[in-house]
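> Turn this into a structure:
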Amino acid sequence: MKAEGRRRRTEASGSSFEFAQDERQSSAASTSLRTGVSRRPSARVEVAAAVITRPDGCFLLGQRPAGKVYAGYWEFPGGKIEAGEAPLPALARELHEELGIDVETAYPWLTRDFDYAHAAVRLRFFRVVKWSGSLHGRESQRFVWQSPDAISVDPLLPANAPILRALALPAVYAITHALELGRAELLRRLEQALARGLRLVQVREKELGEKEMRDLAARVIERARAHGARVLVNGSPQLARELGADGVHLTAAQLMEIRQRPDLGLVGASCHDAGELARAQAVGADFAVLGPVAPTPTHPGAAGLGWARFGALLEDCALPVYALGGLKPSDLETAWRHGAHGISMMRAAWPDEPRDSRFKVPRSRTELD
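Model (predicted):
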């Protein structure tokens, strides 16, 4: 990503581009969640970075040219945000100058602070899912398409490691609901959902006894593994380890009490406010679930955050966050417009096949088109 000044502005085309920007600007008055800074925010170089994705889930990386700091390293395209310039227009300008493309649809995503030896930067990442023009390196730089689970280029800029981990997370995070469906019916619908592309599941069954919970979780893990899906167990790192689950999902109470990250491959956390989001980041959680966005039967007395408040809480957030609470698959794009990584669902995650057989869990925004 270039850090030079002097850039001419390029207008981005398409109403989707403008709408995505307006949604995030409307929620700008929020508590900032920053990634442990050693310098004052004013001393940081603001950078807009693009995760340009294809329908198959692959993303674009560019190689820094000779003569630049970290020459030969691979990075996400983008560049410096000039004084008085908003992040998304800055990104559109940089991509036009660097790659010859015009952004049509982009969604705000993660904000990461990183201290290099030569500069302290604040990286504002956007997921660019639709553009026009012929993509080519205007400055003779190399570009490659990469898959989140098969990175073939090296070396990568150190600031990009958390971004690559986040890209491996799917757009939909399903939560089991055996109380209402029954265990046999839940497992039947789980098989259907996995066949449609579901790749991340949380086993959360507060009403089941220990033996029943263990049995159900083991069955979910067995079925998920056959499809390459990952499973987290709610509330019990010990049970997750014993069953060989992929990780644990911490309750909000556990999140505020623990002193260090559980020693598991994947750690999610339930959050309801800025303080809990900050705590999830501090303990090293891989992602958070924030809600409820809308009132739900699970929390009948809790008022929903609403999308405006949800978006405000994600301003400058470094963690990928799933929106939760009263949501259905059609809410996914709204969640993306407000900075979410995706959506988490309980009841709506388990549609019955005959009625909803056309719904396929998307890997990326472009699969919705």
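
> Quick one: the helices in the chain, in order.
15-25, 87-99, 161-167, 178-181, 183-196, 210-225, 237-243, 252-257, 274-282, 306-313, 332-337, 353-356 (DSSP state H).

> In this model V233 seems to touch A224, though I could be wrong.
No: here A224 lies out of contact with V233, judged by CB atoms under 8 Å, at a distance of 11.8 Å. (Glycine included, C-beta is placed from N, CA and C.)

> between the two, which one's more packed in?
Neighbour totals were compared for A224 and V233, and V233 leads with 28 against 23 (other CB atoms under 10 Å).

> Looking at strand pairing, list the partners for the more buried one.
With DSSP bridges as the criterion, V233 is bridged to V203, V248.

> Tell me how far it lies from V267.
Computed as CB to CB, to the nearest Å, the V233 to V267 distance reads 11 Å.

> and for the two, which residues touch both?
247-249 (CB atoms under 8 Å, 6 or more residues apart in numbering).

> tell me the domain boundaries of the protein?
15-161, 172-368 (automatic domain parsing).

> what about P351, how many residues close to it?
Neighbour count of P351, defined by other CB under 10 Å: 18.

> was I right about it contacting R189?
Yes: counting by CB under 8 Å, P351 does reach R189; the two are 7.5 Å apart.

> any idea which of the domains of the chain is most buried?
Comparing those by mean neighbour count (mean count of other CB atoms under 10 Å), domain 172-368 ranks first with a mean of 19.

> any idea how far that domain is from the chain center?
In terms of CA atoms, centre = their mean, to the nearest Å, the gap separating the centre of domain 172-368 from the centre of its chain is 13 Å.

> tell me the mean pLDDT for it?
For domain 172-368, the mean per-residue pLDDT is 93.

> can you check stretch 78-86 too?
96.

> Please apply the same query to stretch 131-143.
Throughout stretch 131-143, pLDDT has a mean value of 88.

> Now tell me what touches stretch 208-227 from outside.
176, 178-179, 183, 186-187, 190-191, 194-195, 198-199, 201, 203, 205, 230-231, 233, 239, 243-245.

> switch to 10 Å and redo it
176, 178-179, 183-184, 186-187, 190-191, 193-207, 229-236, 239-240, 242-246 (CB atoms under 10 Å, 6 or more residues apart in numbering).

> For the shared contacts of V233 and V267, could you give me CSV that also reports distance to P262?
Below are those laid out as CSV (distance: CB to CB, whole Å):
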residue, distance to P262
G247, 8
V248, 5
H249, 10
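
> Let me know the closest of those residues to A117.
G247 (33.7 Å; CB to CB).

> That closest one and G265 touch, don't they?
Yes: with contact defined as CB atoms under 10 Å, G247 counts as touching G265 (5.4 Å).

> which stretches of the stretch 1-150 of the chain aren't confidently modelled?
The model of the stretch 1-150 of the chain has pLDDT under 70 over residues 1-42.

> just the strands in it please.
Counting by DSSP state E, counting those that start in this stretch, the stretch 1-150 of the chain has strands at residues 45-52, 59-63, 74-75, 78-80, 102-115, 120-132, 143-146.

> Please tabulate these in TSV and include distance to L327 as additional columns.
Below are these laid out as TSV (distance: least, CB to CB, whole Å):
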stretch	distance to L327
strand 45-52	23
strand 59-63	25
strand 74-75	33
strand 78-80	30
strand 102-115	16
strand 120-132	19
strand 143-146	30
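
> looking at the ones you listed, which is closest to P155?
Taking CB to CB, strand 74-75 is the member of these nearest to P155, at 7.0 Å.

> What lies in contact with the closest one?
Applying CB under 10 Å, 6+ apart, the contact partners of strand 74-75 are 1, 49, 61-64, 123, 142-144, 146, 151, 153-157, 159-160, 163.

> at 7 Å what do you get?
Residues outside strand 74-75 that contact it (CB atoms under 7 Å, 6 or more residues apart in numbering) are 1, 61-64, 153, 156-157, 160.

> Likewise for stretch 48-57?
1, 59-60, 76-79, 81, 87, 90-91, 94-95, 109, 123-129, 145, 147-148, 167, 363-364, 366-367.

> change it to 8 Å
Here stretch 48-57 makes contact (CB under 8 Å, 6+ apart) with 1, 59-60, 75-81, 87-88, 90-91, 94-95, 106, 109, 123-129, 131, 145, 147-148, 163, 167, 363-367, 369.

> before we move on, what about stretch 292-301?
By CB under 8 Å, 6+ apart, the list of residues contacting stretch 292-301 reads 302-307, 310, 323-327, 346-347.

> Of those, just say which sits nearest to Q254.
For the contacts of stretch 292-301, the nearest to Q254 is L324 (16.6 Å; CB to CB).

> so that closest one touches V289, yeah?
Yes: taking CB under 8 Å as the definition, L324 is a contact partner of V289 at 4.8 Å.

> which residues do these two both contact?
270, 344.

> distance between the ends of stretch 173-184?
One end of stretch 173-184 sits 21 Å from the other (CA to CA, to the nearest Å).

> which outside residues touch that stretch?
186, 189-190, 193, 198, 200-205, 207-208, 212, 216, 220, 268, 289, 322, 342-347, 349-350.

> From A288, how far off is the nearest residue to S270 once chain neighbours are set aside?
Among residues not flanking S270 along the chain, A252 sits closest, at 4.8 Å (CB to CB, 6 or more residues apart in numbering). Going from A252 to A288 by CB to CB gives 10 Å.

> Closest one of the contacts of strand 74-75 to A117?
When the contacts of strand 74-75 are compared against A117 (criterion: CB to CB), the nearest one is L157, at 12.5 Å.

> quick one: the nearest residue to that closest one once chain neighbours are set aside and L123, what's the gap?
Once flanking residues are discounted, L157 sits nearest to E75: 4.6 Å by CB to CB, 6+ apart. Using CB to CB, E75 is found at 10 Å from L123.
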